[in-house]
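Asker: what's the 3D shape of this:
(one chain, ligands or ions: 1)
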Amino acid sequence: MWFVQQFLLVFVFFLIFFKYLKLRWKARSLPPGPSPFPLIGNLWTMRFNLHPETFNKLTKHYGNMYTVWLGETPLIVLHGYKAVKNALVSHSEEMSGRPVTNLMADVSHGKGIVVSNGHSWRQQRRFGLMTLRNLGLGKRGLESRIQEEAQNLLEILAAQNGEPMDVSEFITHAVANVISAAVFGHRFSIDDPTFQKLVAINQELIEGLGSKWGILYDAFPWLMKRLPGPHQKIFKNQEFMYNFIRNEIRIHQQNESLEEPDDLIDHYLAQIAKTSGDPDSTFDTPNLLQVVVDLFTAGTESTAISLQWAILLMLAYPDIQENIHKEIDQVLQDSSAITYEDRKRLPYTNAVIHEIQRFGNIAAAGVIRRSVKDISLDGFSIKKDINILPNIDSVLHDPMYWETPYKFNPKHFLDKDGNFKPNEAFLPFSAGHRVCLGEQLARFELVIFVITLMRAFRFRLPKGVTEVNTNYVFKLTLQPYPYKVCIIQR
Ligand code: HEM
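Answerer: Reported below is the predicted structural model:
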């Protein structure tokens, strides 16, 4: 017995030592970074997540390009506008891969757009972009759907009669209805329990994917697959979303609306039929299910949280709110629906909307990419199939490009004469071949929702509340802490 114990101890010691040597060997050609431990890499020191503050600390020691280890997988982090832009724009093609993490492989099986790769990603992405374009962001397309949702939201908020309220759920439903119009061809009543469940499950799914449990699943799949825990809910939630979409597909097929396609499902079903004999085609039902999930998850939370930041920041900066009201009153003299074009006549308001996105930076450190070819970055030869994180947060707070990186300041987007001034380091949607697919739609939504609400309301703190917390909660996205607001009609 004693001998067996000693043998096991020595065996484990050598195993760990061997793992350590293997890590050092793998690390020899990578940019330097904090020393990894065998098996867990730097996960412990990173508190098992990709928190922007951890990266801010690491960059002070290791510069604008360094390696951290998520378990036994290296991740090269790029920090600041220059390093990120050089990688994303000058090496757009080489940087166009996405790591298929263990979790995502089991959740989405490499289908859809967000975590697919190669030929399938190219076909699905091109199709998604083309369909959004066909559905049209112009006057008679999605723009009018956004105006309709903004108007509905306005009526719901007005009905609260200035009582303190949490706006998050109403905003999320409004934004989810814009995506529903694009993919399902119809909106849902805000009281519809199935829709409420869909939105809630969608939120849970996103949170699950970005949680510590998700990261543990990626690092130790063989163990986590067998363990009970919150990570198991991710699979249940994904199945709920698939079943919901399967039902929508069935309704579309019964309605035979494919002759005159009116939404993404119509277009996609027509595409499956058109390419059925083509061996190169990746258009099939599993891809359709995941494309819809991708658009719904990527397109709802992101815009909804940006709008929650917008209202919170108006509470925190009443003088800025006042300036917007003045500009709107001077420029928009009639009561017709707000259009995307209106932003050009409202430079101050447009600057505030941009600053909300910069300051709120919902994408946190960004989404991990994977090299699909060897790349030379900042003197390092990075091999194919290495994970790389172009840290979006570090770009939106790069002190070389922003006068007051951690202070909300619309002057970041205004010249001395008060005209709107773009800033090249404004990359909340990332850049390159994998830039956010919904960027245009999101920009339309932010302009139309924010200006519609600001024209109609004043946002005030509830009685007795004197401070506004503008810190963020880190989930997969960076979100404001829950808050209440009194919404007063102007
Ligand atoms: C304020 C709103 C939004 C922000 C800040 C945002 C930001 C981002 C970011 C940072 C990425 C990662 C890009 C990369 O890999 O570097 C991304 C990807 C993506 N976004 Fe958005 N997004 C927003 C809204 C939307 C909307 C409304 C949709 C859907 C219509 C959408 C669909 C997608 C998709 C499908 C991808 C994956 C693209 C790919 O891998 O090829 N997003 N987004």
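Asker: in the stretch 201-350 of the chain, which segments are predicted with low confidence?
Answerer: Low-confidence segments of the stretch 201-350 of the chain (pLDDT under 70): 256-259.
Asker: Can you list the neighbours in contact with stretch 163-171?
Answerer: 153, 156-157, 190, 304, 307-308, 311, 449, 462, 482-487 (CB atoms under 8 Å, 6 or more residues apart in numbering). From N, CA and C alone the C-beta is placed, and that goes for glycine too.
Asker: Lowest-confidence entry in those?
Answerer: When the contacts of stretch 163-171 are sorted by pLDDT, the bottom entry is residue 190 at 86.
Asker: What residues of the helix or strand where residue 57 lies count as buried?
Answerer: Assigned by DSSP states H and E, residue 57 belongs to helix 52-62. Across helix 52-62, burial judged by 16 or more other CB atoms under 10 Å covers 52, 54, 55, 58, 59, 62.
Asker: State the distance from the first one to residue 34.
Answerer: Distance, residue 52 to residue 34, by CB to CB, to the nearest Å: 16 Å.
Asker: Ok, the fifth one next?
Answerer: As judged by CB to CB, residue 59 and residue 34 stand 12 Å apart.
Asker: Can you pull the residues that touch both of the two?
Answerer: Joint contacts of residue 59 and residue 34 (CB under 8 Å, 6+ apart) are residue 66.
Asker: Leaving out the residues flanking it, which one is nearest to the residue of the chain found nearest the ligand?
Answerer: The nearest approach of the chain to the ligand comes at residue 438, 2.1 Å away (CB to the nearest ligand atom). Excluding the flanking residues, the one nearest residue 438 by CB to CB, 6 or more residues apart in numbering is residue 299, at 5.0 Å.
Asker: Return the residues in contact with the residue of the chain closest to the ligand.
Answerer: Contacts of residue 438 by CB under 8 Å, 6+ apart are 132, 295, 298, 299, 302.
Asker: again, only using 10 Å
Answerer: Shown in contact with residue 438 (CB atoms under 10 Å, 6 or more residues apart in numbering): 128-129, 132, 179, 182, 294-295, 298-299, 302-303, 429, 444-445.
Asker: Count the neighbours of the residue nearest to residue 438 for me.
Answerer: By other CB atoms under 10 Å, 25 other residues sit near residue 299.
Asker: quick revisit: max pairwise distance over the contacts of residue 438: which two?
Answerer: Spatial extent of the contacts of residue 438 (CB to CB) is set by the pair 294 and 444 at 19.2 Å.
Asker: how much space between residue 153 and residue 68?
Answerer: 41 Å.
Asker: Residue 199 too?
Answerer: Residue 199 is 34 Å from residue 68, by CB to CB.
Asker: out of everything not next to it in sequence, what's closest to residue 281?
Answerer: In space, residue 281 is closest to residue 275, 3.7 Å off (CB to CB, 6+ apart).
Asker: my read: residue 458 touches residue 157, true?
Answerer: No - at 11.6 Å, residue 458 does not count as touching residue 157 under the criterion of CB atoms under 10 Å.
Asker: can you give me the helices in the stretch 301-450 of the chain?
Answerer: 318-331, 347-360, 392-396, 439-456 (DSSP state H, counting those that start in this stretch).
Asker: ditto for the stretch 101-250 of the chain
Answerer: Taking DSSP H, counting those that start in this stretch as the test, the helices found in the stretch 101-250 of the chain are 102-108, 118-135, 142-158, 168-183, 193-210, 212-219, 221-224, 231-255.
Asker: in the fourth one, what counts as buried?
Answerer: Judged by neighbour count using 16+ other CB under 10 Å, the buried positions of helix 168-183 are 168, 170-183.
Asker: List, one by one, the residues from this protein near the ligand.
Answerer: Residues of the chain lying near the ligand by CB under 6 Å from any ligand atom: 98, 113-114, 125, 294-295, 298-299, 302-303, 306, 362-363, 366-367, 369, 392, 428-430, 434-438, 441-442.
Asker: Got a ChimeraX select line for the buried ones in those residues?
Answerer: Remark: buried members of the residues of the chain next to the ligand, expressed as a ChimeraX selection using 16+ other CB under 10 Å:
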select :98,113,114,125,294,295,298,299,302,303,306,362,363,366,367,369,392,428,429,430,434,436,437,438,441,442
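Asker: just checking, which of the residues of the chain next to the ligand belong to strands?
Answerer: Members of the residues of the chain next to the ligand lying in strands (criterion: DSSP state E): residue 369.
Asker: who touches residue 51 in this structure?
Answerer: Applying CB under 10 Å, 6+ apart, the residues near residue 51 are 57, 364, 365, 393, 474, 478.
Asker: got the contact list for the third one?
Answerer: What it means is residue 365. Residue 365 neighbours (CB under 10 Å, 6+ apart): 49-56, 77, 79, 389-394, 474, 478.
Asker: give me that answer again for 6 Å
Answerer: Neighbouring residues of residue 365 by CB atoms under 6 Å, 6 or more residues apart in numbering: 50, 52, 55, 391, 393.
Asker: can you redo those residues as JSON lines with distance to residue 246 and pLDDT?
Answerer: Formatted as JSON lines, the contacts of residue 365 follow (distance: CB to CB, whole Å; pLDDT from 0 to 100):
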{"residue": "50", "distance to residue 246": "33", "pLDDT": "84"}
{"residue": "52", "distance to residue 246": "37", "pLDDT": "90"}
{"residue": "55", "distance to residue 246": "40", "pLDDT": "93"}
{"residue": "391", "distance to residue 246": "38", "pLDDT": "96"}
{"residue": "393", "distance to residue 246": "37", "pLDDT": "96"}
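Asker: want to throw those into JSON lines with distance to residue 319?
Answerer: JSON lines is the format used below for these (distance: CB to CB, whole Å):
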{"residue": "50", "distance to residue 319": "35"}
{"residue": "52", "distance to residue 319": "28"}
{"residue": "55", "distance to residue 319": "33"}
{"residue": "391", "distance to residue 319": "32"}
{"residue": "393", "distance to residue 319": "27"}
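Asker: Great, nothing more from me.
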